[in-house]
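>>> got a predicted structure here, sequence first:
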Amino acid sequence: MTGLIKWLLVLLTLVLLTGLSLGTGVVSMDWSSLLNASSTDPQAIIFWEIRFPKTATAILAGFSLALSGLIMQTLFRNPLAGPYELGVSSGATLGVAIWILVMQKTSFSGLVFSALAGGVCTLILVLLFSTRVQGASLLIVGLMLGYMAGGLVGVLVYFSQDNAMRSFLIWSFGTFSATGTQHLIWIFSVVLLCLLPLPLLAKPMNLILLGEEMAQSMGVRVLRIKAVMIILSSSLAAVCTAFCGPIAFLGLAVPHAARALFCTEDHRFLIPACALLGACMALAADVFSQFPQSGQILPLNSIMAIIGGPTVIYLLLKGNHEASA
């Protein structure tokens, strides 16, 4: 299968899953009447206030986590690195835990602010540590920060009240349905700001894969590029965690799927490939997490792992077979 056909199939899959995500839910949509419906029509309200924000959030979250994972794996040259290994998402989770479990608040704006505050505080700590340690040592520091934040969350959960613990647990499952049209502009703005520099980083990221000394000999300012990569990866992970909850699987799995599907390590192709495949996986998880006409929504993280794991394994086996052929 040629590269062009693979790109077309991924784009076609993205369009198909977008349509399925917009059409899946408790209420069946009459698409013919929706086009002519007024703004006060119940189906128009459901579509524009619930379905469209949910689908758009899934696409943006897929972009964010997949690219965050790709940046992390390139930065540390470690296939097991992901957007959660620097502790930013754990810091965001701790912020939400303080908001829900300690302050007994549940407003969505406060939840987002607390998550962003926790993620930014952790990012500042990581950047401070990055001036002292590099490479695997920084990855270990990030993991330790994540474990510390997770330990504090566990203590808060242990002493929390049942209602607050249930609210926090529901948030921790992850969801694309919590955002509305008024929140999309914030998610879109942050994701767009982080996406714009990525094409310029493709060549330096390719050189960093060959080693820092090689990259420096080719004129790459390694420390500056690594600082930018940390900021971009952490910002993408933090904004996704703030609006969608901790979605852990996607950022680790999608870069491997992109490499296996397109048989390349070139970031000029991996960056758009990860963005598209991340959106596809997020939309697929959203579709499969909902039982049509039942009103039941399964935990997004569980569905993400159930459908994503076999998909990534298949693509890895297929990529290895094509490489050896």
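Thanks, I have the structure now.
>>> nearest residue to Ser302 in space, ignoring adjacent ones along the chain?
Nearest residue to Ser302 in three dimensions, chain neighbours excluded: Phe173, at 7.6 Å (Cβ to Cβ, 6 or more residues apart in numbering). Using the backbone N, CA and C atoms, a C-beta is placed for each residue, glycine as well.
>>> give me the phi and psi angles of that neighbour.
Main-chain torsions, Phe173, degrees, to the nearest 10: phi -70, psi -20.
>>> so how many other residues sit close to it?
Look at Phe173: counted by other Cβ atoms under 10 Å, it has 17 neighbours.
>>> please renumber the chain so that the first residue is 817 from this point on.
Right, with 817 as the first residue, what we last looked at is Phe989.
>>> I'd say it and Gly1061 touch.
Yes: between Phe989 and Gly1061 there is a contact at 6.6 Å, judged by Cβ atoms under 8 Å.
>>> pull up the overlap in contacts between these two.
With contacts defined as Cβ atoms under 8 Å, 6 or more residues apart in numbering, the residues shared by Phe989 and Gly1061 are Leu1116, Asn1117.
>>> any weak-confidence spans in the stretch 817-966 of the chain?
817, 846-849, 855 (pLDDT under 70).
>>> can you pull out the helices in it?
Using DSSP state H, counting those that start in this stretch, the helices of the stretch 817-966 of the chain run over residues 819-839, 847-850, 858-862, 868-892, 904-913, 924-946, 952-974.
>>> of those, which is nearest His1072?
Nearest to His1072 among the helices of the stretch 817-966 of the chain is helix 868-892 (8.4 Å), distances taken as Cβ to Cβ.
>>> report the angle between the axes of the closest one and helix 952-974?
On the basis of axes from the mean of the first three to the mean of the last three Cα atoms, to 10 degrees, helix 868-892 is oriented at 140 degrees to helix 952-974.
>>> mind giving me the packing neighbours of helix 868-892?
With contacts taken as 3 or more Cβ pairs under 8 Å, 6 or more residues apart in numbering; DSSP states H and E, helix 868-892 sits against helix 819-839, helix 952-974, helix 997-1011, helix 1014-1025, helix 1038-1060, helix 1065-1078, helix 1083-1104.
>>> okay, the angle between it and helix 1014-1025?
30 degrees.
>>> returning to that earlier point: of the helices of the stretch 817-966 of the chain, give the one that comes closest to Ala1091.
It is, among the helices of the stretch 817-966 of the chain and with distance given as Cβ to Cβ, helix 868-892, at 4.8 Å.
>>> and Leu944, how many residues sit next to it?
Applying other Cβ under 10 Å, we find 10 residues neighbouring Leu944.
>>> nearest residue to the middle of this structure?
Leu881 (2.4 Å; Cα atoms, centre = their mean).
>>> that one contacts Gly1067, correct?
Yes: at 4.0 Å, Leu881 counts as touching Gly1067 under the criterion of Cβ under 8 Å.
>>> output stretch 992-1007 as PDB, restricted to C-alpha atoms.
This file holds the C-alpha atoms of stretch 992-1007, laid out as PDB (Å, rounded to 0.1, in the frame of the first residue of the first chain):
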ATOM      1  CA  PHE A 992     -15.300  14.800  25.900                       C
ATOM      2  CA  SER A 993     -18.800  15.800  26.800                       C
ATOM      3  CA  ALA A 994     -18.100  18.200  29.600                       C
ATOM      4  CA  THR A 995     -17.200  21.200  27.400                       C
ATOM      5  CA  GLY A 996     -19.700  23.500  25.700                       C
ATOM      6  CA  THR A 997     -19.400  25.900  22.800                       C
ATOM      7  CA  GLN A 998     -18.100  28.700  25.200                       C
ATOM      8  CA  HIS A 999     -15.200  26.500  26.100                       C
ATOM      9  CA  LEU A1000     -14.100  25.500  22.600                       C
ATOM     10  CA  ILE A1001     -12.400  28.800  21.900                       C
ATOM     11  CA  TRP A1002     -10.100  28.300  24.900                       C
ATOM     12  CA  ILE A1003      -9.100  24.800  23.900                       C
ATOM     13  CA  PHE A1004      -8.700  25.700  20.300                       C
ATOM     14  CA  SER A1005      -6.600  28.700  21.100                       C
ATOM     15  CA  VAL A1006      -4.100  26.800  23.300                       C
ATOM     16  CA  VAL A1007      -3.900  23.900  20.800                       C
END
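>>> not counting sequence-adjacent ones, nearest residue to Ser854?
Distance criterion Cβ to Cβ, 6+ apart; nearest residue to Ser854, sequence neighbours excluded, is Ala860 at 6.7 Å.
>>> separation between the one you found and Thr997?
Ala860 sits 13 Å away from Thr997, going by Cβ to Cβ, to the nearest Å.
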